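Chemist: Here is my input, please return the structure:
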Amino acid sequence: MFWGTENDVNDHVTRDQIGWIGLGDQGAPMARAIAGAGESLHVWARRSRSLTALEGLPRTIHESVAELGRASDVVGLCLREDADIQDVLTGGGLLESMKPGSVIVNHGTGLPQFAAKMTELAAAKGIQVLDAPVSGGNAGAVARRLSTMVGGSAEIFERCRPIFETFSKKVTYMGPTGSGQLSKLMNNTLLMMNQRNVQEILGLAKDLGLEIEALVDILLAGSGSSFALQALGGPVTTDNAEHLSTLQLIDMEIFDAAVKALGRDVPDMTRQAVEGAHGLALAARLVAGDQD
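Modeler: Model prediction:
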């Protein structure tokens, strides 16, 4: 049965009732994609105004996390931090309310070690867990072109794959629990390292008197291009660069803790990525022509 009013329709709609918690910049368009594909969507939001993001789409709104848990076979969580996930799981009553055989999917970025803890807690209730963070930001979510990297049971991954495909251009099974989170941290760290490379080149070009707008234009068409460069003047603007920088620095704290917990210390890599995050706002102003 197709209920959606959106333009993309998934031919492999699941029979599962899909719960969703997290209607922020990234979570809201992901939820819209799920409902638009004809899946049965159940939602709960701490702030009722967040639910306006789903106006025009079929969905069932619940008054509590526990009520949503009882109605759902698969629940997607798109929350900011592991602490928020923990609060929903235990404080909100999600684990207590879901039935055995159901699935919880964490789309947020966090520690692989927390993914393991979450899986252990859920297993005691007969509930499966996938860690499935996404890359692509708000723009990728709106365009339904996110990259989704998944850790956990391969069998449960296949069950949930049609849901992930509603908002993704690329869905990849990465391995056992925590593999999705570790892959996402690698992705984010590489992006920030590339940002640092872009910042150094643009700074040097400015010092040598090159016209930055023309240089960026030709670099984007050449072999020196990268997502870090493409994002400047695109999804990264002078208005949001400071906010994005703050989020990136949080990701680097998670990356540093994650790799150290796995027995590795990579200070040079971490330093370059952190510098790339710190320099994001300056690079955005430089590309926008706001930097003297």
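Chemist: which residues of the stretch 151-292 of the chain fall in helices?
Modeler: Along the stretch 151-292 of the chain, counting by DSSP state H, counting those that start in this stretch, helices occupy 154-165, 179-207, 212-220, 227-231, 241-261, 267-278, 280-288.
Chemist: Touching the third one from outside, list them.
Modeler: In this case it means helix 212-220. 201, 202, 205, 206, 225, 229, 230, 232, 233, 286, 287, 289 (C-beta atoms under 8 Å, 6 or more residues apart in numbering). All C-beta spots, glycine's among them, are computed from the backbone N, C-alpha and C.
Chemist: mind checking how far it is from the chain centre?
Modeler: Distance of helix 212-220 from its chain centroid, counting by C-alpha atoms, centre = their mean, to the nearest Å, is 29 Å.
Chemist: For that helix, buried residues please.
Modeler: For helix 212-220, burial by neighbour count (16 or more other C-beta atoms under 10 Å) applies to 212, 215, 216, 219.
Chemist: Confirm for me that residue 98 is in contact with residue 88.
Modeler: No: the pair residue 98 / residue 88 is not scored as a contact, 11.4 Å apart, by C-beta atoms under 8 Å.
Chemist: more neighbours, those two?
Modeler: It is residue 98, of residue 98 and residue 88, that has more neighbours when counted by other C-beta atoms under 10 Å, with 26 against 23.
Chemist: about what we covered before: so which of the helices of the stretch 151-292 of the chain is nearest residue 84?
Modeler: helix 241-261 (12.5 Å; C-beta to C-beta).
Chemist: Residue 233 - how many residues pack around it?
Modeler: Close neighbours of residue 233, defined as other C-beta under 10 Å, add up to 17.
Chemist: Who are the contact partners of it?
Modeler: With C-beta under 8 Å, 6+ apart, residue 233 has these contacts: 216, 284, 287, 288.
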